[in-house]
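J.: predicted coordinates and the sequence they were generated for:
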Number of protein chains: 2
Amino acid sequence: MSRFSFNQITAKLWDLPDLVAGCVEAGVGQVALWREPVTEYGLERSAALVRDAGLSVTTLCRSGFFQAPDWFDDNRRAIDEAAALDTKVLVLVSGGLPAGSKDLAGARQHVADAIAELVPHAAAAGVTLAIEPLHPMYAADRCVISTWDQAMAIAEQHPVGQVGVTVDTYHLWWDDTVLDRIARAGERIAIYQLADWVTPLPQGVLTGRGLPGDGCIDMAAFHAAVEKAGYTGPIEVEVMNAELWERPGREILDATLTSYRKVV
Amino acid sequence: MSRFSFNQITAKLWDLPDLVAGCVEAGVGQVALWREPVTEYGLERSAALVRDAGLSVTTLCRSGFFQAPDWFDDNRRAIDEAAALDTKVLVLVSGGLPAGSKDLAGARQHVADAIAELVPHAAAAGVTLAIEPLHPMYAADRCVISTWDQAMAIAEQHPVGQVGVTVDTYHLWWDDTVLDRIARAGERIAIYQLADWVTPLPQGVLTGRGLPGDGCIDMAAFHAAVEKAGYTGPIEVEVMNAELWERPGREILDATLTSYRKVV
């Protein structure tokens, strides 16, 4: 249980103070926060809230979205937010294709270039940029980085600790090469996140993820691969599920803990 | 235009005789047929209908679904149906995971083994088995063969002409390695199909495909790759789109032809 981290998006509608109190009550010592609710509650106020509760923040989710005109300033702000929360890892979701573009290779190159521009600021802040490959079904509109190999190829242009990769079971499970690659990724694994694949996928394919164990992903195989890589860091449960969100926050946390104990 | 083939699923609700008449009227000489409507109309009757109209049948879609208990008999029947229609190519969609299974690697191995068992019958019938890698979003429930490389690895265990691979832009466009691989695939390309990627994806992610040119896929890059491979065969437009299906068949054919001329 010491490695468990509750990712805020799993209980998207739970107010931050209630989430923090709920985690403390449940004996959970780690959370992953999202930028929007942190900004809404106030950055310094959020940092004080989790600090005073004795929680650590495993990741800040998320910046990236490098097709946006203000990507440079926004990502620098995100790095500063991560540092203010004493978070060592900032998750990057690259964003999709620019509107009207069919140039996927160009968009991917832009992501690599943009990350290179951000590395000095992140390194100075002590924040690791964790490139998250998203499932290929998001390549057009959410994340042009679709595979482990693409993310690693960008990360490896920078020192370990400055740029890493996010292992999210939901996005990577289909790839027959990924477990071997993860097992050999060593310290490039910046964070390990669990969600399960359940069908049918909902309209928009965003909010139909399952709690670990509820779908068809072989979680044991992923655990073995990250362990082989030497990763001993936090394990976040990060599930976006419209039905789950309707339940009270504490119920969601308890269901998440039950599912975590079942698969880890 | 001589390479254009109208895939029947693009006008799913169009009766076969009307589709055949519509193609003749429009000067279209090639169609791809689906097993269910062919069976419904009658196999011999369908064969006679297209033959008498002077149409050739570029592919029969589709068998596979190797997790079904009767996969062996059903796929042998599909090979016989292809031969009866004088179709040289049978498209194989592998099927998803068996119910309750998390063994994706095992399911993939089973597909390879099953295809090996079918090859003698297919070769005797003069039918090429065209393994179709489907987009990774279908890996759980529709097709465990998710990438070009997986399909090629199976095809290459057999002689050219007996087992090949289906190039479908919709399923492969996200893969940063695929264009180079296609360009080097030579005679392994059994058929080339066009559909475009449009978002948001609909519930179930099956019926939201776009006509070529309506989405974000760089069709010119695919054409260059299949040309480099030396492929000179038919180019099918195969689009599953719930809104398109609502239109009269002849309108759909005309829209398909317009879109084909725009991108090829």
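T.: Structure's in. What do you need?
J.: now the strands for the stretch 1-150 of chain A?
T.: For the stretch 1-150 of chain A, strands defined by DSSP state E, counting those that start in this stretch occupy the ranges A:4-7, A:30-34, A:56-64, A:89-93, A:128-131.
J.: can you list the strands that the second one pairs with?
T.: Spelled out, that is strand A:30-34. strand A:4-7 (parallel), strand A:56-64 (parallel) (DSSP bridges).
J.: same list (these) but as CSV, adding mean pLDDT and mean neighbour count.
T.: For the C-beta atoms, the positions are set from N, CA and C on the backbone; glycine is no exception. Formatted as CSV, the strands paired with strand A:30-34 follow (pLDDT from 0 to 100; neighbours: other C-beta atoms under 10 Å in any protein chain shown):
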stretch, mean pLDDT, mean neighbour count
strand A:4-7, 98, 26
strand A:56-64, 98, 25
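J.: can you lay out the ones you listed as a markdown table showing distance to residue A:47?
T.: As requested, the strands paired with strand A:30-34 are exported to a markdown table (distance: least, C-beta to C-beta, whole Å):
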| stretch | distance to residue A:47 |
| --- | --- |
| strand A:4-7 | 17 |
| strand A:56-64 | 8 |
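J.: okay, the strands of the stretch 1-150 of chain A in JSON lines with distance to residue A:117 next?
T.: Output for the strands of the stretch 1-150 of chain A, formatted as JSON lines (distance: least, C-beta to C-beta, whole Å):
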{"stretch": "strand A:4-7", "distance to residue A:117": "28"}
{"stretch": "strand A:30-34", "distance to residue A:117": "24"}
{"stretch": "strand A:56-64", "distance to residue A:117": "13"}
{"stretch": "strand A:89-93", "distance to residue A:117": "13"}
{"stretch": "strand A:128-131", "distance to residue A:117": "11"}
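J.: mind checking those strands for the one nearest to residue A:14?
T.: Nearest to residue A:14, of all the strands of the stretch 1-150 of chain A, is strand A:4-7, at 9.8 Å by C-beta to C-beta.
J.: if we can go back for a sec, residue B:50 is nearest to which of the strands paired with strand A:30-34?
T.: So among the strands paired with strand A:30-34, strand A:56-64 is nearest, using C-beta to C-beta, at 50.9 Å.
J.: quick check: angle from that closest one to strand A:89-93?
T.: Here the directions of strand A:56-64 and strand A:89-93 differ by 30 degrees (axes from the mean of the first three to the mean of the last three C-alpha atoms, to 10 degrees).
J.: thought residue A:122 was touching residue A:129, still the case?
T.: Yes: counting by C-beta atoms under 8 Å, residue A:129 touches residue A:122, with 5.2 Å between them.
J.: these two - which one has more neighbours?
T.: residue A:129 (29 against 25; other C-beta atoms under 10 Å in any protein chain shown).
J.: pLDDT score assigned to that one?
T.: pLDDT for residue A:129: 98.
J.: same check on the one 10 residues further on?
T.: In the prediction, the pLDDT value recorded for residue A:139 is 98.
J.: how about the nearest residue to it once chain neighbours are set aside, what does it touch?
T.: Among residues not flanking residue A:139 along the chain, residue B:174 sits closest, at 4.1 Å (C-beta to C-beta, 6 or more residues apart in numbering or on different chains). By C-beta atoms under 8 Å, 6 or more residues apart in numbering or on different chains, the residues touching residue B:174 are A:104, A:136, A:139, A:146, B:135.
J.: repeat that for residue A:86.
T.: Neighbour list for residue A:86: A:47, A:51, A:56-57 [criterion: C-beta under 8 Å, 6+ apart].
J.: for the stretch 101-250 of chain A, what lies in contact range of chain B?
T.: When proximity is defined as C-beta under 8 Å from any C-beta of the partner chain, the stretch 101-250 of chain A approaches chain B at A:101-105, A:108, A:135-137, A:139-141, A:146-147, A:150, A:173-176, A:197, A:199-205, A:215-218.
J.: with that, I have no additional questions.
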